[in-house]
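**Student:** please work out how this folds:
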Amino acid sequence: MRPIKSTINPLSEPFQSNYAANSSSIEKLKSQLADSTKGGGEQYVKRHLARGRLLPRERIEMLLDEGSFFLEIAPLAGVGIQNEFVGAGVVGGVGLVSGRECVIIANEATVKGGAVSEIGQLKNRRLSDVATQNYLPSITLVESAGADLPVQAKIFVPGGRGFREITRRSKLRIPSISVVFGNSTAGGAYLPGMSDYVVMVRNQAQVFLGGPPLVKMATGEVVDEESLGGAEMHSRVSGLSDYLAENELDGLRIARDIVSHFADTPWKRRPRPVEPPLYPSDELLGIASADIRVPFEVREVIARIVDGSRFDEFKARYGTTLVTGFACVHGMQVGILANNGVLMSESAAKGAQFIQLCNQQDIPLIFLQNITGFMVGRGYEEQGIIRNGAKLINAVSNSTVPAVTIMIGGSYGAGNYAMCGRAYEPRFLFSWPNHRIAVMGPQQLSGVMDIIKREAAAKAGIAPDEDKLRAAKQALELQIEQESDVYFATARLWDDGVIDPRDTRTVLAISLSAACNRPVEGTMKWGVFRH
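**Tutor:** Numbers count the residues shown, from 1 in each chain. Okay, here's the model as predicted:
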């Protein structure tokens, strides 16, 4: 494969302008990520530490192998949402434990005692999906008060899915471990109850469906917490606990020992030799347009994330607004689909064929999404934009090889679907800080609604009120602008996190490696492709 020859001039005005704006966005991202590490606030963190307990991130760090990566999932879940904490009271991601990639989930006990909020439940669900879809063992560091009772109506019914999924993973031979560090009540008790392995910390773990006050109210029985659900009782009497740890560090050691007994993943491919790209990743800040309305050359992005900057482009002269081709990322072979403009009919047909080829050869897919949608207009409709667009969406929907999506710009309309947006279940999906997402851009959407209102008034024979129309258009444009923001999206888990563009290659490598814990099996079975 030949390397891509970059034509970027780092001294040019557009490069310098993009670099400055994107650097500012990354400073904002760092500030938001720092807030996600503060738990429930200084008062509650101090109280937790005064009890001689480790914070969730400290537990994770001591659980991981020395020098291991930790790809955190949805660290900014809940940001900007009323009654939610940044991170939603859960810390989770993928890391190495005893040489094995695992999903690690830690309750943040300084946030409402580890109680699960509405967004926290969504985050737990996403982490569960990561474990299931990629055949990754899960380790849950439990200290949870169960459901956040004031919002129980929003989480009670869907919340049962999490316990169901633990047992289904067990059926699939994907093991789960719970290490219980503190009070774990109601839903918090079902986490270890459903797990394959349970470790409880002596004199700290307390697991019961209802605490002493509830027991007294329901039955009249007076009992203390340790007798009701302490680690000693569960280890010696009830049998819920499989291992009794002397302290938190011992509990983490036991969890590592358990993982060390798991069978290796025999189907992981041996990667090819790893080569760095020819061009520095720092240049991505000058390449990506800070204003997503301004297009940029996606091959320049590819040249800074793939091994040796080598890219074997497929159908380079056909359907040129979608770039497709083969490359390696950290020695792992991949097929790349990257937007280089609006999706045309030929681009969609080319993308569908390329996805079929990657499935034929069991090659994982990377989607680099910067898309305003499909082209509209009479001529394009006559050329079959809907038919070929449906063909691409069909291919994305039924593809079975792992897919990782990076939102490197805009994501609008059905283009989001065709380029493997969240609804199409890529194994992992991350966004750059310049990302925007909506049915269409704020100006276009408000303009369309303005036209519809004017036509309705004309049909009714009513003169339009220009002041009201202008005010409504401005208000709608502002609303869509706010709802399209990358932080609005990540708060609601529309992605797995906002990343520094310079970390894209590393994030892709970890995601692909995690995805390959499950056998990579492409399909040649498809629905009806309209011709």
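**Student:** every contact and neighbour count from this point should use C-alpha atoms.
**Tutor:** Will do.
**Student:** and residue 268, what pLDDT?
**Tutor:** With respect to pLDDT, residue 268 has a value of 76.
**Student:** offset the numbering so it begins at 273, please.
**Tutor:** Okay, residue one is now 273; in that scheme the one you just asked about reads as residue 540.
**Student:** helix, strand or coil for residue 743?
**Tutor:** helix (DSSP: H, G, I helix; E, B strand; the rest coil).
**Student:** quick one: it from residue 756, how far?
**Tutor:** According to C-alpha to C-alpha, to the nearest Å, residue 743 and residue 756 sit 20 Å apart.
**Student:** the two: who's more crowded?
**Tutor:** Shown here are residue 743 and residue 756; by other C-alpha atoms under 10 Å, residue 756 has more neighbours (22 against 11).
**Student:** now do the contacts for that one.
**Tutor:** Neighbouring residues of residue 756 by C-alpha atoms under 8 Å, 6 or more residues apart in numbering: 708, 709, 710.
**Student:** what lies in contact with the lowest-mean-pLDDT helix or strand in the chain?
**Tutor:** One helix or strand of the chain scores below all others by mean pLDDT, DSSP states H and E: helix 650-654, with a mean of 81. Helix 650-654 is touched from outside by 616, 617, with contacts defined as C-alpha under 8 Å, 6+ apart.
**Student:** try it again with 7 Å
**Tutor:** The contact list for helix 650-654 (C-alpha atoms under 7 Å, 6 or more residues apart in numbering) is empty.
**Student:** what does stretch 732-748 give?
**Tutor:** Under C-alpha under 7 Å, 6+ apart, the answer for stretch 732-748 is 718, 722, 726, 729.
**Student:** and which of the residues you listed is nearest residue 361?
**Tutor:** residue 718 (36.2 Å; C-alpha to C-alpha).
**Student:** now do the strands in the stretch 273-422 of the chain.
**Tutor:** Assigned by DSSP state E, counting those that start in this stretch, the stretch 273-422 of the chain shows strands spanning 342-344, 362-369, 372-379, 410-414.
**Student:** quick check, distance from stretch 366-383 to the centre of its chain.
**Tutor:** Taking C-alpha atoms, centre = their mean, to the nearest Å, one finds stretch 366-383 lying 15 Å from the centre of the chain it belongs to.
**Student:** max-length strand in this protein?
**Tutor:** The single longest strand within the chain, with elements called by DSSP state E, is strand 675-684.
**Student:** quick one on the thing from earlier: just put the strands of the stretch 273-422 of the chain in CSV and tack on mean neighbour count, distance to residue 679 and mean pLDDT.
**Tutor:** As requested, the strands of the stretch 273-422 of the chain are exported to CSV (neighbours: other C-alpha atoms under 10 Å; distance: least, C-alpha to C-alpha, whole Å; pLDDT from 0 to 100):
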stretch, mean neighbour count, distance to residue 679, mean pLDDT
strand 342-344, 19, 17, 98
strand 362-369, 25, 19, 98
strand 372-379, 26, 23, 97
strand 410-414, 26, 27, 97
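**Student:** can you lay out those strands as CSV showing distance to residue 449?
**Tutor:** Output for the strands of the stretch 273-422 of the chain, formatted as CSV (distance: least, C-alpha to C-alpha, whole Å):
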stretch, distance to residue 449
strand 342-344, 18
strand 362-369, 12
strand 372-379, 10
strand 410-414, 5
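**Student:** nearest to residue 493, out of those?
**Tutor:** Closest to residue 493 of the strands of the stretch 273-422 of the chain is strand 410-414 (C-alpha to C-alpha; 26.9 Å).
**Student:** just after the closest one, pick out the following helix or strand.
**Tutor:** Following strand 410-414 in sequence order, the next helix or strand is helix 424-443 (DSSP states H and E).
**Student:** using CSV, write down the CA coordinates of that following helix.
**Tutor:** The C-alpha trace of helix 424-443 is given here as CSV (Å, rounded to 0.1, in the frame of the first residue of the first chain):
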residue,chain,number,x,y,z
GLN,A,424,-37.7,5.6,40.5
ALA,A,425,-40.5,6.0,37.9
LYS,A,426,-37.9,6.7,35.2
ILE,A,427,-35.6,3.8,36.1
PHE,A,428,-37.5,1.0,37.8
VAL,A,429,-38.9,-0.9,34.7
PRO,A,430,-35.9,-0.5,32.4
GLY,A,431,-33.5,-1.0,35.3
GLY,A,432,-34.2,-4.7,35.4
ARG,A,433,-32.5,-5.1,32.1
GLY,A,434,-29.1,-4.7,33.7
PHE,A,435,-29.6,-7.7,36.0
ARG,A,436,-30.9,-9.7,33.1
GLU,A,437,-27.9,-8.9,30.9
ILE,A,438,-25.4,-10.2,33.6
THR,A,439,-27.1,-13.6,33.5
ARG,A,440,-27.2,-13.6,29.8
ARG,A,441,-23.5,-12.9,29.6
SER,A,442,-22.9,-15.8,31.9
LYS,A,443,-24.9,-18.0,29.5
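**Student:** against which helices or strands is the helix or strand following that helix packed?
**Tutor:** Under the assignment DSSP H and E, the closest C-terminal helix or strand after helix 424-443 is strand 448-452. Counting contacts by 3 or more C-alpha pairs under 7 Å, 6 or more residues apart in numbering; DSSP states H and E, strand 448-452 is packed against strand 410-414, strand 469-473.
**Student:** strand 448-452 versus helix 424-443: what angle between them?
**Tutor:** Orientation of strand 448-452 against helix 424-443 (axes from the mean of the first three to the mean of the last three C-alpha atoms, to 10 degrees) gives an angle of 130 degrees.
**Student:** for the record, mean pLDDT for strand 448-452?
**Tutor:** What strand 448-452 shows for mean pLDDT is 97.
**Student:** any idea which helix or strand comes after that strand?
**Tutor:** strand 455-457.
**Student:** parallel or antiparallel, list what pairs with that following strand.
**Tutor:** Sheet pairing of strand 455-457 (DSSP bridges) gives strand 478-480 (parallel).
**Student:** buried ones in the helix or strand just after the strand it pairs with?
**Tutor:** Counting by DSSP H and E, the element after strand 478-480 in chain order, helix or strand, is helix 484-491. Within helix 484-491, the residues that count as buried by 16 or more other C-alpha atoms under 10 Å are residue 484.
**Student:** and for the chain, the residue most distant from the center?
**Tutor:** Most distant from the centre of the chain: residue 733, at 50.1 Å, with distances by C-alpha atoms, centre = their mean.
**Student:** assumed that residue was part of a helix.
**Tutor:** No - counting by three-state DSSP, residue 733 is located in no helix; its state is coil.
**Student:** quick one: pLDDT of it?
**Tutor:** At residue 733, pLDDT is 87.
**Student:** so how far is residue 727 from it?
**Tutor:** Distance, residue 733 to residue 727, using C-alpha to C-alpha: 10 Å.
**Student:** hmm, who's touching the longest helix seen in the chain?
**Tutor:** Secondary structure of the chain per DSSP state H: the longest helix is helix 285-307. Helix 285-307 is contacted from outside by 282, 347, 348, 358, 557, 558, 559, 560, 561, 562, 705, 772, using C-alpha under 7 Å, 6+ apart.
**Student:** make CSV out of the residues you listed and add distance to residue 714.
**Tutor:** Compiled in CSV, the contacts of helix 285-307 are given as follows (distance: C-alpha to C-alpha, whole Å):
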residue, distance to residue 714
282, 31
347, 27
348, 24
358, 27
557, 25
558, 25
559, 24
560, 20
561, 18
562, 16
705, 18
772, 25
